[in-house]
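No sequence on hand, only this structure:
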């Protein structure tokens, strides 16, 4: 009897965990974008209507996830100007989302460390159809340092 109870309890817990993971995975709808990021190698580069910063930037790692419901997660690590001390002279950064060649929304500003680290968890408004989405990590004035697609 005790063995049967343990089996039923174990199966119930497994079912609860499976339902919880499935509902979390679908809560934001399908991913619109799941990409790494690259730094801007050439100053003032214009992509999708977003102008680059005035110095080249390199990134150790960057990751973006954008969901159909507008939830966005951005993580940049080591996003710096090569040879500069500190590597990042900018105190705050944000994400700018484009669809095709048009800016559609941006996130709130977040702290951007002197080592070039920042994390964004926010919600943006996406159009019903977002073709060729891209996410830029920028300063407050929308000058970009890193972009998705690499």
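Perfect, thanks for sending it. None of these values were measured; they are calculated from a predicted model.

Tell me where the protein has strands.
31-39, 46-47, 50-51, 61-67, 71-77, 92-99, 102-106, 110-111, 118-123, 133-138, 144-148 (DSSP state E).

Show me what the fifth one is in contact with.
The list of residues contacting strand 71-77 from outside it, by CB atoms under 8 Å, 6 or more residues apart in numbering, reads 28, 37, 59-66, 93, 95, 97, 107, 116-124, 135, 137, 146. Yep, even glycine has a C-beta here, placed from its N, CA and C like the rest.

Note down every partner strand of that strand and its orientation.
Counting by DSSP bridges, the strands paired with strand 71-77 are strand 61-67 (antiparallel), strand 118-123 (antiparallel).

closest one to residue 45 among those?
strand 61-67 (16.3 Å; CB to CB).

and among the strands paired with strand 71-77, the most buried is which?
strand 61-67 (a mean of 20; mean count of other CB atoms under 10 Å).

tilt between it and strand 133-138?
130 degrees (axes from the mean of the first three to the mean of the last three CA atoms, to 10 degrees).

Switch the strands paired with strand 71-77 over to CSV; also include distance to residue 80 and mean pLDDT.
CSV is the format used below for these (distance: least, CB to CB, whole Å; pLDDT from 0 to 100):
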stretch, distance to residue 80, mean pLDDT
strand 61-67, 12, 98
strand 118-123, 12, 98
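
Minimum distance to residue 48: which of these has it?
Short answer: strand 61-67, nearest of the strands paired with strand 71-77 by CB to CB, at 14.2 Å.

what's the angle from that closest one to strand 144-148?
Using the same axes, to 10 degrees: strand 61-67 against strand 144-148 is 70 degrees.

Just put the strands of the chain in TSV and tack on distance to residue 85.
Formatted as TSV, the strands of the chain follow (distance: least, CB to CB, whole Å):
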stretch	distance to residue 85
strand 31-39	17
strand 46-47	28
strand 50-51	26
strand 61-67	21
strand 71-77	18
strand 92-99	19
strand 102-106	29
strand 110-111	19
strand 118-123	19
strand 133-138	21
strand 144-148	17
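
Tabulate the strands paired with strand 71-77 (a markdown table), appending distance to residue 131.
Below are those laid out as a markdown table (distance: least, CB to CB, whole Å):
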| stretch | distance to residue 131 |
| --- | --- |
| strand 61-67 | 13 |
| strand 118-123 | 20 |
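
Quick one: end-to-end length of stretch 125-139, please.
End-to-end distance of stretch 125-139: 19 Å, with CA to CA, to the nearest Å as the criterion.
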